[in-house]
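Chemist: The sequence and its predicted three-dimensional model are supplied below.
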Amino acid sequence: MTVVKSTISDSARQITGDALQSTLVDLLGLSLIGKQAHWNIVGPRFRSIHLQLDEVVASAREFADTVAERAAALGVSPDGRPETIASAFTLPAPKEGWVRDSDVVGVMVESLEAAIARLRERIEATDKPDPVTQDLLISITAELEKQRWMFAAENVARES
């Protein structure tokens with residue numbers, strides 16, 4: 001089988017590949033968290049949060065595809081198999097069954113914060129090895145921070 005030759009050094013490819021794979025796991029997991037919450041949310045803010053969850057899922061899925069394609073372009077085989085995601089995923093997730101709207105907001109804030117913190121570590125790690133990947137991770141972080149802000153604002157509205 002022919003492997004795509006990377007345009008960066010082997011050591012840079014290893015660091016970058018690890019960052020991209022970890023990001024892929026987080027993004028695919030985040031899309032699953034969003035859908036699980038989307039299907040099981042209950043409460044007075046059902047509709048607005050239900051729709052907001054769709055935005056997170058769409059962003060996560062789109063970014064997952066971009067991240068996987070970046071890895072492939074560098075000669076790193078992306079691994080989005082269910083067993084890989086299940087074994088490597090560690091973001092906070094909603095509990096089983098119906099979930100109150102306020103609990104959904106809380107878990108989304110926590111999940112997004114955890115994903116953002118890890119992305120910031122990967123941004124730092126890819127600074128020298130691959131600034132192109134670093135730029136991609138920065139743009140993903142910006143969007144996830146916007147989504148986190150929107151969910152956090154829901155908590156403020158609820159507490160007022």
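Modeler: Yep, that arrived. Numbers count the residues shown, from 1 in each chain.

Chemist: helices or strands up against the lowest-mean-pLDDT helix or strand in the chain?
Modeler: Ranked by mean pLDDT, DSSP states H and E, the weakest helix or strand in the chain is helix 131-159, scoring a mean of 91. Identification of packing neighbours for helix 131-159 by 3 or more C-beta pairs under 8 Å, 6 or more residues apart in numbering; DSSP states H and E yields helix 10-40, helix 46-73, helix 101-125. C-beta coordinates here come from the backbone N, C-alpha and C atoms, glycine included.

Chemist: A86 is nearest to which of those?
Modeler: With distances scored as C-beta to C-beta, the stretch of the helices and strands packed on helix 131-159 nearest to A86 is helix 10-40 (8.9 Å).

Chemist: buried ones in the closest one?
Modeler: For helix 10-40, the neighbour count (16 or more other C-beta atoms under 10 Å) marks 12-13, 15-38 as buried.

Chemist: can you check stretch 151-158 too?
Modeler: Judged by neighbour count (16+ other C-beta under 10 Å), stretch 151-158 contains these buried residues: F151, A152, E154.

Chemist: burial of the nearest residue to E55 once chain neighbours are set aside, as a residue count?
Modeler: Nearest in space to E55, with sequence neighbours left out and distances taken as C-beta to C-beta, 6 or more residues apart in numbering, is Q147 at 7.0 Å. Burial of Q147 is recorded as 23 neighbouring residues (other C-beta atoms under 10 Å).

Chemist: so what's Q147 up against?
Modeler: When contacts are counted by C-beta atoms under 8 Å, 6 or more residues apart in numbering, Q147 touches E55, V56, S59, M108, L112.

Chemist: mind checking the SS state of T7?
Modeler: coil (DSSP: H, G, I helix; E, B strand; the rest coil).

Chemist: What count of nearby residues applies to it?
Modeler: As a burial measure, T7 scores 12 neighbours (other C-beta under 10 Å).

Chemist: per-residue confidence at it?
Modeler: What the model reports as pLDDT for T7 is 89.

Chemist: Torsion angles phi and psi at it?
Modeler: Main-chain torsions, T7, degrees, to the nearest 10: phi -90, psi 0.
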